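Novice: Kindly generate the corresponding structure for this input.
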Amino acid sequence: MKTTHFLGLLSFALALTAPTLHAQTYPNKPIKAVVPFAAGSATDQIGRAFAQKMSESLGQPIVVENKAGVNGMLGADLVAKSAPDGYTLLVGTNSTNAALKSLMKKLPYDQDTAFAPIAYLGSVPLVVAVNNDVPVKNLKELVALAKSKPNQLTYASASTSQRVSTEVLSHMAGIEMTYVPYKSGPAAMTDLIGGQVNLFTADFAVMLPQIKAGKIRGLAVTSTQRSKAIPELPTVNEALGFKDYELIAYFAMFAPAGTPPDVIAKLNKAANAAANDKDVQERFAALGFETAPASPEALAQRSKAETAKWAKAIRDAKIEAE
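Specialist: Numbers count the residues shown, from 1 in each chain. This next block holds a predicted model:
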C-alpha cells in the first residue's frame with residue numbers, strides 16, 4: 001500500500017512539473033513556421049526575417065514552410081491541427097486571423113479558438129496600381145473610367161486584404177470592376193505587368209520594385225498617412241476626398257491552441273526582440289513596414305477588434321461568403 005501511495009504521489013508530482021520541464025528544455029529541436037502565402041510575398045519575406053532573428057534568440061533553427069491557398073486558409077488549417085507543443089507556428093495575417101471568418105461559409109477550424117496568440121509583428125500599407133496601358137494618371141481618373149465602363153475593368157487579388165481593400169474602395173467610389181482571383185501575389189503582379197488584368201492592390205514588397213522600375217503605375221496608398229517609402233503617392237482619402245478609408249495588411253505569429261504559456265512567453269520574447277532589431281527595421285523600412293512589439297494578450301485583443309473591423313468592411317463591400 002505504501003508503495004502504491006508513493007507511486008501515486010510521484011506520478012502527481014511529475015504531472016505538475018512536466019509543463020515546467022518542457023518549458024525549460026524548449027526548444028530542443030528545429031521549429032517549423034508555416035507561411036500561408038507564396039514565396040516572395042510580404043508575409044513570406046517578413047516571416048523569414050523574423051524566423052532568422054528568433055532562431056538566434058532561441059538557439060534552434062526555425063524552418064519556414066510555404067503553404068499557400070484559399071486566402072491563407074490551407075496554411076492556417078495545417079497549424080490549427082498541429083500538436084500544441086511550440087514546434088509548429090503560423091505567420092498569420094489579417095486574412096487568416098481576422099477576415100477569413102467572414103469570407104468563407106465554413107472554415108475547417110474555429111478561427112476564434114484554434115490559435116494561441118504569440119506576438120504582433122507589424123503592418124504595411126497597400127498600394128493601388130494599374131497596368132501602364134490603362135489610360136489614367138491618378139485614382140480620380142480611374143474612378144471616372146470605371147464609371148464609364150461598368151465591370152469592364154478587371155482587378156487581381158491573391159489575398160483577403162487585397163480583395164477587400166479593392167472592393168471597399170469600389171463600394172465607396174460607386175464603381176464596379178470584375179474580380180480575378182490569383183493563388184499568389186507574384187503571379188498577379190506578372191499578369192498586371194503583362195496587361196492580363198488592369199488593377200492590383202497589394203503590399204509594398206510586391207509593388208514597390210515594379211513601380212520604381214516603371215513597369216506599373218502606382219496611384220495611391222491605403223493607409224491614412226502617406227508612406228515614407230513612397231511619399232509622392234497620395235492616400236486614397238486624399239485622392240478621392242474620403243475621410244475614413246483605411247485597410248492595411250498586418251502580420252502576427254500564432255501557435256496551435258493549448259500551447260503551454262511558458263512556451264508562448266519564450267516565443268513572444270524572441271519575436272519582440274526581432275521586432276526591435278535594427279536590421280529587421282531597416283530591411284523593411286522601404287516597404288512601409290512598422291513593427292509593434294507587444295504581449296500575447298495585446299495580440300488577442302487586436303485579433304478580436306480586427307475580426308470585427310474586417311467583418312464590417314466585407315459586409316459594406318457586399319462580398320458574399322464562398
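Novice: My read is that residue 204 contacts residue 123, right?
Specialist: No. Applying C-beta atoms under 8 Å, one finds residue 204 not in contact with residue 123, separated by 11.0 Å. Every C-beta, even on glycine, is put in place using the N, C-alpha and C of the backbone.
Novice: Give the residues shared as contacts by those two.
Specialist: residue 289 (C-beta atoms under 8 Å, 6 or more residues apart in numbering).
Novice: neighbour count winner among those two?
Specialist: Taking other C-beta atoms under 10 Å, residue 204 and residue 123 do not tie; residue 204 has more neighbours (23 against 19).
Novice: Nearest residue to the more buried one in space, please, no chain neighbours.
Specialist: residue 287 (4.0 Å; C-beta to C-beta, 6 or more residues apart in numbering).
Novice: Ramachandran angles for that neighbour?
Specialist: Per-residue torsions, residue 287: phi -100, psi 0 (degrees, to the nearest 10).
Novice: and the protein, what are its domains?
Specialist: Annotated domains of the chain cover 31-123+249-316, 126-240 [automatic domain parsing].
Novice: ok, the residue nearest to residue 204 - how many residues close by?
Specialist: Neighbours of residue 287 under the rule other C-beta under 10 Å: 23.
Novice: Return the residues in contact with the nearest residue to residue 114 once chain neighbours are set aside.
Specialist: Distances taken as C-beta to C-beta, 6+ apart place residue 80 nearest to residue 114, at 3.9 Å, with adjacent residues excluded. For residue 80, the contact set (C-beta under 8 Å, 6+ apart) comprises 108, 109, 114, 115, 256, 257.
Novice: Apply 10 Å and report the result again.
Specialist: Applying C-beta atoms under 10 Å, 6 or more residues apart in numbering, we find residue 80 in contact with 73, 88, 90, 96, 107-111, 113-115, 254, 256-257.
Novice: Turn the buried ones among those residues into a named ChimeraX selection, would you?
Specialist: Applying 16 or more other C-beta atoms under 10 Å to those leaves a buried subset, and the ChimeraX line that selects it is:
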select :73,88,90,96,107,109,111,114,115,254,256
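Novice: List just the nearest of the contacts of residue 80 to residue 185.
Specialist: residue 96 (14.8 Å; C-beta to C-beta).
Novice: Run through the residues that contact that closest one.
Specialist: Residue 96 sits next to 34, 36-37, 43, 70-77, 79-80, 90, 107, 111, 115, 159-160, 252, 254 when contact means C-beta under 10 Å, 6+ apart.
Novice: Then residue 266?
Specialist: Applying C-beta under 10 Å, 6+ apart, the residues contacting residue 266 are 23, 24, 26, 27, 54, 57, 58, 86, 118, 260.
Novice: Now the buried members of those residues.
Specialist: Buried, going by 16+ other C-beta under 10 Å: 23, 26, 27, 54, 57, 58, 86, 118, 260, out of the contacts of residue 266.
Novice: In strands, which of those residues fall?
Specialist: Members of the buried ones among the contacts of residue 266 lying in strands (criterion: DSSP state E): residue 118.
Novice: Let's have the buried ones among the contacts of residue 266 in JSON lines, adding pLDDT and distance to residue 195.
Specialist: Output for the buried ones among the contacts of residue 266, formatted as JSON lines (pLDDT from 0 to 100; distance: C-beta to C-beta, whole Å):
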{"residue": "23", "pLDDT": "54", "distance to residue 195": "55"}
{"residue": "26", "pLDDT": "96", "distance to residue 195": "51"}
{"residue": "27", "pLDDT": "96", "distance to residue 195": "48"}
{"residue": "54", "pLDDT": "97", "distance to residue 195": "41"}
{"residue": "57", "pLDDT": "94", "distance to residue 195": "46"}
{"residue": "58", "pLDDT": "97", "distance to residue 195": "46"}
{"residue": "86", "pLDDT": "97", "distance to residue 195": "47"}
{"residue": "118", "pLDDT": "98", "distance to residue 195": "41"}
{"residue": "260", "pLDDT": "97", "distance to residue 195": "52"}
